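Chemist: Take this sequence and fold it.
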Amino acid sequence: MRIQQLVLGPVAFASLAIAAPAPLGLVVRDGATVDDCPGYEASNVKKTDSSLTADLTLAGDACNVYTDDVKDLKLLVEFQSKHRLHVKIFDADEQVYQVQEELVPRPENGETPSGDADLAFDLVEKPFSFKVTRKENDEVLFDTSGAQLIFEAQYVRLRTSLPKDPNIYGLGEHSDPFRLPNVNYHRTMWNSESPFLPTNANLYGSHPVYFDHRGDKGTHGVFLLNANGMKIDLNLTDSGDQYLQYNTIGGVLDFYFLAGKQPAEVSKQYADTVGYSAMFPYWTFGFHQCKYGYWDVNMVAEVVGNYSTAGIPLEVMWTDIDYMDLRQDFTTDPERFPLGKMRELVSTLHSRGQRYVLILDPGVHFKEGYAPYEKGHEMGVFYKDADGSDNFGVQWPGTVAWPDWLAPNTSEWWADQIATTFSADEGIDLDGIWVDMNEASNFCQNQACNPLDDQGNPPAPGNAPRPNTGRPIPGFPADFQPSGSKLRARQDSDGKHKGLPGRDLFVSKYDPVNHRGGLPDYTLWTNNTNADGTKVYDTHNLYGHAMSHVTYDAMLARRPGLRPMVLTRSTFAGNGRKSTHWFGDNESSWEHYRLSIRQMLAWVSMHQMPMVGSDVCGFNGNADELMCARWALLGAFQPFYRNHAEISAIHQEFYQWPLTIEAGKKAIDTRYKLIDYAYTALYYQTTEGTPMINPLFFLYPEDENTFGIQHQWFYGDALLISPVTTDYSDSVTFYLPEDIFYDYWTGEREDGKGANVTRNGVSWTDIPVHIRGGTIIPQRANSTNTTAELRKQDFVFLVAPDADGKAKGRLYIDEGEMIEQTDVTELDITYDNGEITVGGTWGYKGLKGESITLKSFKILGQNGIAMGSLGENSKLDEDSGAVTVEGTWSLDGDFSTHI
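Modeler: From the prediction side, this is the model:
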């Protein structure tokens, strides 16, 4: 949620002032520039069948442009699998920070013989550089010879050459074009509170992986496992040569090269590297509603009731920080959200097959008598100042202490708070948790701010007593006081991978261009020490990642065996293993309507976080009826579907306007019928890495017209979504590749010619959707108000033959919420010129009242078929050309039929 801007006075101490660094290439220190850096020389090169190691030594006088050069480095090269090459450059003493294994587990090294690998590694010893080549066609994928390697204490540079006008994607989180600009463009990675999602800026997450698509030459991926702040440049040299350059303010160069060669194969190989997404509950595909500003529990109940009255299905109700007592985690406002009423609300929702989700923030209120803080302090879970007192910042309740998610007791403390507050027997029996503000977002602008002076943000001025945040605190023991005698020093930072000593942990002389200002501005101070001795300077981008993982484990402990649903704002690579993500505090604008598509494409297909979406109709600012109607339809074909608005924005629930009522009903009706199709796609992304959302070039990798398309997408591999994207327009121009398609709404065949198609007169309650020929879509015969009721509906299979009269599809069925599924059904469905075959693994028998019955097949594009050739259970719709085969097939064993 959007923070309140604080206007602070000047920096109190000159030593805390952050000087603006000089641009790259200018004189910075002792007259040196990056052009003076000597690079490195390789020696002691040793090779095995599947690896290479070497020593790297500074090849001349140190340039020390931003900080001191590290003289001695190591090179490690591993052919970890046929498709993955690992290249790591690190300091010989291994003091430089490396991402903790517990936060990002490393992939297994299969020790593939280099002769069997898809990629080749070539080393130039002096001056040191390396090259990665695709063996199949000798395509050079990565070549560092264009600029010398620089490896300093607080600045590391590596450059690779790129083809002319490259197709580069990824490097999230950003609000820029899906295919990244390649001239004078930079991507900053420094997780930050980012209201209104500014362009060309660092946002909430850091995912340093890019896909390089080269048409018929193939696609490859490059992942840099480095969590430090960085700026990645895409630009041209003075001579016009294209390059990509990494500029990090710390850490090592830990690369994983993913061979591909098809785009979806790169996505799978990335999942092999950082981890596969968790499988999320079936109900998460339902429609969700939230707003910051639902004043009390009765208002929340009214919203639920209003959806029911309007006839718009609602699966999950959310409540923002409004429910808390004075914005404090693990509390409820005793007057507006009393526990008894909250329990009644949740039990009512559950009795109707609906769900409930609440929010938590990382800032824990520093207040006398507030048990979560007192217990956390006692257990040593908070960051400490040098004098041993807790380190403070400011979030919604006022002065807050920051949990160190790497501290030994933090997981236990957090899980205990969640288990108690959200106890099914005595607390709020919620179904999921939303963790917000976890970049971490700090209302203090910089070190000049005194967190103990801030009194927080109560629900409404004058309506509640201010929190007691002053110093000292009467009745508290001495070690609770915010200042005083030294109790203990910061944790020992000696040892491997803890970070080089002597660095300036507040200021990087190389500027990674944080849009919020300096490194510690509006966030957790970067000089804090984690419990394992590493510094927040190095781990800042992992804070939300760690919080969401600890929350996932806490929810699993609270509800053993059930899949946790954790939504997080701040992320890092591999976050999908335990959490979902929404795209942050967007605005109610047409541009952010379009942006939601671009973001989804990157997150699902390239960052391996499938359960994602935007705040439908926008968070900041006021939505209007027309835009919101369009967004209701667009959002229905994205994985995570939630309407959410800011406290000062007007209400934008779908029942607010006639058009959004109609659009919402149509959107949710269609989405619910397709949930099993989407759930199947999610399952295969979590098990095979196959993206459940596909950019067009993923399915048509050699069609150059698809490379830059960013406002169309495939929902699964069968449904092409082409929404109206022009402001207040009823016309849309979309691209149909050279293939057979069928209109989802009418069933009519439309042959793509590899050209744009313009459709005019698209009503405010319509969205163009096409089915790709050669696919089969499993869906439910009817929609319902909840996913629990949906599972009682019979299946129908929608068959879209290709030019050869063939099609195939898959269906996965399980119980929907357990982590361990013992009895599941996985079907392969094929169609071949009138013959239909269903086979696979049969295990799921259905819970009480659920249907595992197939009601019919509907085969599109059969206009020329002779009526006399149809079976007695088949019927031709002459208008659409679809043949429907009626029957009753139990999905518990192989069978076949024909039209």
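
Chemist: Can you list the low-confidence ranges for this structure?
Modeler: Within the chain, the ranges that satisfy pLDDT under 70 run 1-31, 454-494.

Chemist: which residue ranges form the helices in it?
Modeler: 263-274, 297-310, 339-351, 371-379, 410-421, 536-539, 543-558, 590-605, 625-635, 658-673, 675-688, 696-699, 787-790 (DSSP state H).

Chemist: Let's have those in a markdown table, adding distance to residue 715.
Modeler: Just so you know, the C-beta spots here come from the backbone N, C-alpha and C atoms, and that holds for glycine as well. What follows is those, written out as a markdown table (distance: least, Cβ to Cβ, whole Å):
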| stretch | distance to residue 715 |
| --- | --- |
| helix 263-274 | 15 |
| helix 297-310 | 24 |
| helix 339-351 | 28 |
| helix 371-379 | 41 |
| helix 410-421 | 34 |
| helix 536-539 | 36 |
| helix 543-558 | 26 |
| helix 590-605 | 10 |
| helix 625-635 | 11 |
| helix 658-673 | 10 |
| helix 675-688 | 7 |
| helix 696-699 | 12 |
| helix 787-790 | 17 |
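
Chemist: Please identify which of those is closest to residue 582.
Modeler: Among those, the nearest to residue 582 by Cβ to Cβ is helix 590-605 (9.7 Å).

Chemist: Give me the angle between the closest one and helix 675-688.
Modeler: Comparing the axes of helix 590-605 and helix 675-688 via axes from the mean of the first three to the mean of the last three Cα atoms, to 10 degrees yields an angle of 50 degrees.

Chemist: Okay, buried residues for helix 590-605 please.
Modeler: For helix 590-605, a neighbour-count test (16 or more other Cβ atoms under 10 Å) marks 590, 592-605 as buried.

Chemist: most packed of the helices of the chain?
Modeler: Of all the helices of the chain, helix 536-539 has the most neighbours on average by mean count of other Cβ atoms under 10 Å, namely a mean of 26.

Chemist: Pull that one out as PDB, backbone CA atoms only.
Modeler: Extracted in PDB, the C-alpha atoms of helix 536-539 (Å, rounded to 0.1, in the frame of the first residue of the first chain):
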ATOM      1  CA  VAL A 536      21.700  -5.500   5.000                       C
ATOM      2  CA  TYR A 537      23.800  -3.600   2.400                       C
ATOM      3  CA  ASP A 538      24.200  -7.000   0.700                       C
ATOM      4  CA  THR A 539      20.900  -8.700   1.700                       C
END
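
Chemist: contacting residues around it?
Modeler: Helix 536-539 has contacts (Cβ atoms under 8 Å, 6 or more residues apart in numbering) with 97, 227-228, 250-251, 383, 406, 499, 503, 505, 519, 524-530, 543.

Chemist: Please enumerate the strands of the stretch 201-350 of the chain.
Modeler: When secondary structure is read from DSSP state E, counting those that start in this stretch, the stretch 201-350 of the chain shows strands at 205-206, 209-213, 219-224, 230-236, 242-248, 253-258, 288-289, 316-319.

Chemist: Just give the strands next to the fifth one in its sheet, each with its orientation.
Modeler: In the sheet, strand 242-248 lines up against strand 156-161 (antiparallel), strand 230-236 (antiparallel) (DSSP bridges).

Chemist: Tell me which residues are up against the first one.
Modeler: The contact list for strand 156-161, computed with Cβ under 8 Å, 6+ apart, reads 34, 89, 140, 142-147, 149-150, 241-253.

Chemist: Selecting buried members of those in PyMOL, what would you type?
Modeler: Applying 16+ other Cβ under 10 Å to those, the buried members can be selected in PyMOL as follows:
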select buried, resi 34+89+142+143+144+147+149+150+242+243+244+245+246+247+248+249+250+251+252+253
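
Chemist: still on that earlier bit, how about the helices of the chain, which one is nearest residue 723?
Modeler: Using Cβ to Cβ, the helices of the chain put helix 625-635 closest to residue 723, at 4.8 Å.

Chemist: My guess is residue 315 contacts residue 787. True?
Modeler: Yes - between residue 315 and residue 787 there is a contact under Cβ atoms under 8 Å: 6.0 Å.

Chemist: can you list the domains in this structure?
Modeler: 37-269, 706-898 (automatic domain parsing).

Chemist: Which stretch among these approaches residue 570 most closely?
Modeler: Short answer: domain 37-269, nearest of those by Cβ to Cβ, at 5.0 Å.

Chemist: ends of the closest one, how far apart?
Modeler: 35 Å (Cα to Cα, to the nearest Å).

Chemist: Next: stretch 97-108.
Modeler: Per Cα to Cα, stretch 97-108 runs 21 Å from first to last residue.

Chemist: tell me which residues in that stretch are buried?
Modeler: Neighbour-count burial for stretch 97-108 [16+ other Cβ under 10 Å]: 97, 98, 99, 100, 103, 104, 107.

Chemist: just to revisit the earlier point, which neighbours do residue 315 and residue 787 share?
Modeler: Joint contacts of residue 315 and residue 787 (Cβ under 8 Å, 6+ apart) are 283, 286.

Chemist: quick revisit: can you lay out the domains of the chain as CSV showing distance to residue 557?
Modeler: Formatted as CSV, those follow (distance: least, Cβ to Cβ, whole Å):
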stretch, distance to residue 557
domain 37-269, 17
domain 706-898, 13
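
Chemist: Compare the ones you listed and give me the one nearest residue 632.
Modeler: Comparing those by Cβ to Cβ, domain 706-898 comes nearest, at 8.7 Å.

Chemist: now residue 526: how far from residue 534?
Modeler: According to Cβ to Cβ, to the nearest Å, residue 526 stands 12 Å off from residue 534.

Chemist: can you check residue 248 too?
Modeler: 16 Å.

Chemist: My guess is residue 400 contacts residue 392. True?
Modeler: Yes - Residue 400 lies in contact with residue 392 (Cβ under 8 Å); the separation is 6.5 Å.

Chemist: Compare those two (neighbour count), which wins?
Modeler: Taking neighbours as other Cβ atoms under 10 Å, residue 400 and residue 392 compare with residue 400 leading, 33 against 25.

Chemist: ok, what's across the strand from the more buried one?
Modeler: What pairs with residue 400, by the bridge criterion (DSSP bridges), is residue 365, residue 393.

Chemist: gap between residue 535 and residue 500?
Modeler: 10 Å.

Chemist: nope, residue 741 is what I was after
Modeler: In terms of Cβ to Cβ, residue 741 sits 57 Å off from residue 500.

Chemist: on that earlier part again, give the residues shared as contacts by residue 400 and residue 392.
Modeler: 366, 451.

Chemist: Report the contact partners of the nearest residue to residue 189 once chain neighbours are set aside.
Modeler: Of all residues not flanking residue 189 in the chain, residue 206 sits nearest, at 3.9 Å (Cβ to Cβ, 6 or more residues apart in numbering). Counting by Cβ under 8 Å, 6+ apart, residue 206 touches 173, 189, 190, 191, 227, 541, 571, 572, 573.
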